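> next input, structure requested:
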Amino acid sequence: MTPLEFKLTQELAQATKSLESALERCRHSEELCTGLMSQLQLMKRHRFGQRSERFIDPDDPQMAFDAGGQPIESDSDEESGNEESDDNEEDPTSAISPQSPDSNVIDIQSAKPRKTKTSVFPDHFRRVETTIPVDEQDELCTCRCQKVVINHTLHERLNYVPAVFEVLVERREVVVCPKGCSGEMVTANKPQHILPKAKITESLLAHLIVSKLDDRQPDYHLSKQLESRFGVGLSRQTIARNKIKCSLPLQPLINLMKDEVIDYDVSSLDATGLQVLKEHDRPATRTSYAYCFRGGPPGKEVSSMSTIPYGIRPSSMIGSLASVEPCIVMVIRSLTWCSNART
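Below you'll find the predicted structure:
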């Protein structure tokens, strides 16, 4: 064999090897493309197709778990099911059978009307009963005998009573001696209030606190709402000042609720950034934080929004939470004072 023939033979073998490798890659790419197209079709059918047109793969190993442990029916079972369904075509409640044994349509049972649940109002709601008598013409029987009441048909409806604002006028008695004795004029003691100099009662104060912290109503919304609906003139500065002042007389109650957070094993801390215009030894451009502490046993959860002095880490305040001066009143849903005052 000449050197030229030997060289051509090697080039032919190398070209044949390259062609076989290219054909193998082409077949692999075709198989991969076919699999991807099949998955794409299944995804489109699952996403955009109707429930009755979803494909069920009988070879899926997860089918036994989805079917609740029931074996998958074979084609012969489907054919027998089709024959039974043909015999029961007159029954409107029978299942819809597929058009052919190879069809992927799922049998759909006839829709059954859902039973509407009758709403039952809570027992702590006040019940106002009104007896509605029958018409006068129905009170007499055909035999001219007076009919008697044997039963009542009950029907309950939920009623809403709008908020009522009233002015409580306290008239303290001033007594003197009728003989004019000096030093015998006595005035009745003023009842104790949480804010003695405020012109709002504890009930309205509790409403403002719950509306702010529980209903998430800003103070200017509350001010506009009271002014437009009820004609009550309370500025947002007055509302905020009264809520801040009541933190001092409620400090013993706040400390008790803080003890619930400290004594429980699990608690959470969330920081909210805010900008304070006038803060001691800090410029207005620095970002301050208000921390929300939450904890307590189940059923007695406590939420506290407090500020922490500058330079103190929040983690160090968990153990000494009682020393933090709160910037706003703590709110607990089971607080009897707030719930009773609001009611």
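
> separation between residue 228 and residue 221?
In this structure, residue 228 and residue 221 are separated by 11 Å, where distance is defined by CB to CB, to the nearest Å. No exception for glycine: its C-beta is placed from N, CA and C like everyone else's.

> neighbour count winner among the two?
When neighbours are counted by other CB atoms under 10 Å, residue 221 comes out ahead of the other of residue 228 and residue 221, with 14 against 9.

> tell me if the more buried one really is in a helix.
Yes - counting by DSSP: H, G, I helix; E, B strand; the rest coil, residue 221 is found in a helix.

> surely residue 164 forms part of a strand?
No - judged by three-state DSSP, residue 164 forms no part of a strand; its state is coil.

> residue 20 sits in which helix or strand?
Remark: residue 20 resides in helix 3-48, with elements defined by DSSP states H and E.

> run the chain-centre distance for that helix.
Offset of helix 3-48 from its chain centre (CA atoms, centre = their mean, to the nearest Å): 56 Å.

> just stretch 132-152 next, same as before
That offset, for stretch 132-152, works out to 51 Å (CA atoms, centre = their mean).

> swap in stretch 270-285?
Distance, centroid of stretch 270-285 to centroid of chain: 31 Å (CA atoms, centre = their mean).

> the strands in the stretch 101-250 of the chain, which residues?
Taking DSSP state E, counting those that start in this stretch as the criterion, the stretch 101-250 of the chain carries its strands at 174-175, 186-187.

> now these as JSON lines including mean pLDDT and distance to residue 199?
Formatted as JSON lines, the entries for these read as follows, by pLDDT from 0 to 100; distance: least, CB to CB, whole Å:
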{"stretch": "strand 174-175", "mean pLDDT": "94", "distance to residue 199": "22"}
{"stretch": "strand 186-187", "mean pLDDT": "94", "distance to residue 199": "20"}
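
> please enumerate the helices of this protein.
Using DSSP state H, the helices of the chain run over 3-48, 63-66, 75-87, 202-213, 219-225, 236-245, 251-263, 336-342.

> which stretch among those comes nearest residue 279?
Using CB to CB as the criterion, the shortest distance between residue 279 and the helices of the chain is 15.4 Å, found for helix 236-245.

> quick one: mean pLDDT over the closest one.
Across helix 236-245, the average pLDDT comes to 92.

> and what of stretch 27-37?
Stretch 27-37 comes out with an average pLDDT of 92.

> over to stretch 302-318?
Averaged across stretch 302-318, pLDDT comes to 63.

> before we move on, back to that, can you list the strands of the stretch 101-250 of the chain in JSON lines and add distance to residue 238?
Putting the strands of the stretch 101-250 of the chain into JSON lines (distance: least, CB to CB, whole Å) gives the following:
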{"stretch": "strand 174-175", "distance to residue 238": "30"}
{"stretch": "strand 186-187", "distance to residue 238": "28"}
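
> make JSON lines from the ones you listed and add mean neighbour count and distance to residue 49 to it.
Formatted as JSON lines, the entries for the strands of the stretch 101-250 of the chain read as follows, by neighbours: other CB atoms under 10 Å; distance: least, CB to CB, whole Å:
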{"stretch": "strand 174-175", "mean neighbour count": "10", "distance to residue 49": "86"}
{"stretch": "strand 186-187", "mean neighbour count": "10", "distance to residue 49": "84"}
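
> which one, of those strands, ends up nearest to residue 9?
Using CB to CB as the measure, strand 186-187 is the one of the strands of the stretch 101-250 of the chain that comes nearest residue 9, at 128.9 Å.

> what strands flank that closest one, and is each parallel or antiparallel?
Strand 186-187 has the following strand partners under DSSP bridges: strand 174-175 (antiparallel).

> quick one: the partner strand to chain centroid distance?
Averaging C-alpha coordinates over strand 174-175 and over its chain gives two centres that are 56 Å apart (CA atoms, centre = their mean).

> do the same with stretch 191-199
Relative to where its chain is centred, stretch 191-199 has its mean C-alpha point 36 Å off (CA atoms, centre = their mean).

> ditto for stretch 261-276
21 Å.

> how long is that stretch from one end to the other?
For stretch 261-276, the first and last residues are 27 Å from each other (CA to CA, to the nearest Å).

> which positions in that stretch come out as buried?
With burial defined by 16 or more other CB atoms under 10 Å, the residues of stretch 261-276 counted as buried are 261, 267.

> same deal with stretch 192-204?
By neighbour count, with 16+ other CB under 10 Å as the criterion, the buried positions of stretch 192-204 are 194-195, 198, 200-202, 204.

> could I get the residues you listed as JSON lines with distance to residue 277 and pLDDT?
Conversion of the buried residues of stretch 192-204 to JSON lines gives the following (distance: CB to CB, whole Å; pLDDT from 0 to 100):
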{"residue": "194", "distance to residue 277": "29", "pLDDT": "90"}
{"residue": "195", "distance to residue 277": "26", "pLDDT": "91"}
{"residue": "198", "distance to residue 277": "25", "pLDDT": "90"}
{"residue": "200", "distance to residue 277": "27", "pLDDT": "92"}
{"residue": "201", "distance to residue 277": "32", "pLDDT": "92"}
{"residue": "202", "distance to residue 277": "31", "pLDDT": "92"}
{"residue": "204", "distance to residue 277": "28", "pLDDT": "93"}
